[in-house]
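Peer 1: Let me see the structure of the following:
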Amino acid sequence: MMVFLAEYSSVFISWTVAVDCEQLTMQDQLGVLGAVFAEMGFNPGDEVSEATVKEWIKTKAIKEDPDEQPAPAHTVTVNPAVRISVFSGEEKDTAYDVWRYEVGSLLVTHGEEVVATALRRSLKGRASKVAMNVGPKASVGAIVAKMDSIFGAVEKGETLLAKFFSARQKEGEDVSTWSCRLEDIMNKAVQQGDVPDRNAEGMLRTMFWTGLRREIKDVTGHKYDTVRPFDDLRIAVRQVERDLMQREEETTQGKAADKVKPVAHMAAATDELKEMKGLIQQLTTDMAEMKKTQQKSTVKQSGAKADKGKGSHSNQKKGSQSGYQSNYTQGQQQARFQPQQPNPVQPQHPLAQQRGNPPPPPYRGNEPQCYRCGQYGHIQLGCRANIDHRWEGLNANQSAM
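Peer 2: Modelled structure (predicted):
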């Protein structure tokens, strides 16, 4: 590539400025241009042509060396800020074991100062005060050790192992959640040194299949015998679980379809049942009202009879035994001279009927008859007649004499 020498660039600039600013005529412009070329060392004489000018320009140009390497460009690398999940010691933020894992991973790829700065920024609340107590120049290891003593796991190895071997898949818990819960317990035991890392894989594989629910365990025995790695066994069991869930959904949908078919008949039967229930309730209400009406009428009749009985009892108190005897005699005399009329059968005391006592005197009008002595004019409640051992009224014996 052809380029001009840098030393002549100022000459062309000064000429261009002069042409623009002073707005010279064509003759003047040619004169200025000639002066510029003369200053640059171009002196063709009287014969000035296009070819002469081009030839002179070629002599004043240089060529770039193609083998010459260009100067290296300066690059600026901007590293993104290192971030760690927020940890405050509360349940709403990141768990401590996850936060500790992030810190350990950053120490592998970043320097101590970068990780320490990110660590202090990630701590909030009570956890930030723990780091503050360690000091501003404390290393990452010192801060993590202090955090372990406050937020780290304190379960003993025997407790973790007992929890691991007694763990079982819960009802409604899927295979993925069950395996992660079991693996979390094992990782804690490995970090504390209670279980060697080389034994963790086999223990996880055995307890994972042993703790499965019965319906999944029964159909995955061949998977446990053939698939050795723990992760591969987990994938195989998850596939079986998915197949079982699909079959269950299909069965549930089929049962729902069978239930939908007789819906119309069930709706009609339900309407009939509702109508029958309404009729039964109406009948029950009517019967209850009839019973209430009957009870009220019975109470009224009982009250009327009681009032009548009270009046008869008061009249019976005013009489005497002689009055009863005279009434009885007068009744017999009237019966002799009057034609006999059929009298209604009157009740007699049961014991008097058994002992063959004579019948009571004939019925007279509306007077009541006593069931105790057989006399008229009073009732049993107000009877004062003396009764002998044969249940015969003494007044009756006196009238017979």
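Peer 1: Strands along the chain, start to end?
Peer 2: Taking DSSP state E, the strands of the chain run over residues 2-4, 61-63.
Peer 1: Can you flag the weakest of these by average pLDDT?
Peer 2: Lowest mean pLDDT within the strands of the chain: strand 2-4, a mean of 44.
Peer 1: Which stretches in the stretch 201-350 of the chain count as helices?
Peer 2: Remark: helices assigned in the stretch 201-350 of the chain by DSSP state H, counting those that start in this stretch are 214-217, 221-226, 230-260, 263-318, 321-337, 350-354.
Peer 1: Lowest-scoring secondary structure element of this protein by mean pLDDT?
Peer 2: In the chain, no helix or strand scores lower on mean pLDDT, DSSP states H and E than strand 2-4, which sits at a mean of 44.
Peer 1: Point out where the stretch 301-401 of the chain drops to low pLDDT.
Peer 2: The model of the stretch 301-401 of the chain has pLDDT under 70 over residues 303-365, 388-401.
Peer 1: so what are the domain limits for this structure?
Peer 2: The chain resolves into domains spanning 2-63, 96-151, 157-256, 354-401 when parsed by automatic domain parsing.
Peer 1: and Arg168, what is it in contact with?
Peer 2: Listed by C-beta atoms under 8 Å, 6 or more residues apart in numbering, the contact partners of Arg168 are Gly211. To be clear about C-beta, it is placed using only N, CA and C from the backbone, and glycine gets the same treatment.
Peer 1: got a pLDDT number for it?
Peer 2: 94.
Peer 1: Tell me the spacing between it and Gly211.
Peer 2: Computed as C-beta to C-beta, to the nearest Å, the Arg168 to Gly211 distance reads 4 Å.
Peer 1: One more: Lys92?
Peer 2: To Gly211, Lys92 is 30 Å away according to C-beta to C-beta.
Peer 1: more crowded one of these two?
Peer 2: Gly211 (19 against 6; other C-beta atoms under 10 Å).
Peer 1: So that one is in contact with Trp178, correct?
Peer 2: Yes. The pair Gly211 / Trp178 is scored as a contact, 7.0 Å apart, by C-beta atoms under 8 Å.
Peer 1: which residues are common contacts for those two?
Peer 2: With C-beta under 8 Å, 6+ apart, Gly211 and Trp178 have common neighbours Gln169.
Peer 1: tell me the contacts of Thr117?
Peer 2: Taking C-beta under 8 Å, 6+ apart, we find Thr117 in contact with Val82.
Peer 1: Now do the same for it: its pLDDT.
Peer 2: 92.
Peer 1: was I right about Glu155 contacting Asp194?
Peer 2: No. Counting by C-beta under 8 Å, Glu155 does not reach Asp194; the two are 9.7 Å apart.
Peer 1: and Gly89, how many neighbours?
Peer 2: Around Gly89 sit 18 other residues, with neighbours defined as other C-beta under 10 Å.
Peer 1: Look up the pLDDT of it for me, please.
Peer 2: Gly89 is given a pLDDT of 89.
Peer 1: I'd like the distance between it and Ala131.
Peer 2: 12 Å.
Peer 1: returning to that earlier point: common neighbours of Arg168 and Gly211, please.
Peer 2: By C-beta under 8 Å, 6+ apart, no residue touches both Arg168 and Gly211.
Peer 1: so where is the stretch 51-200 of the chain shaky, pLDDT-wise?
Peer 2: For the stretch 51-200 of the chain, the ranges with pLDDT under 70 are 60-79.
Peer 1: re the thing from before, including distance to Ser85, could the domains of the chain go into TSV?
Peer 2: Formatted as TSV, these follow (distance: least, C-beta to C-beta, whole Å):
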stretch	distance to Ser85
domain 2-63	58
domain 96-151	6
domain 157-256	17
domain 354-401	102
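Peer 1: Quick one: closest of the ones you listed to Ser302.
Peer 2: domain 354-401 (15.1 Å; C-beta to C-beta).
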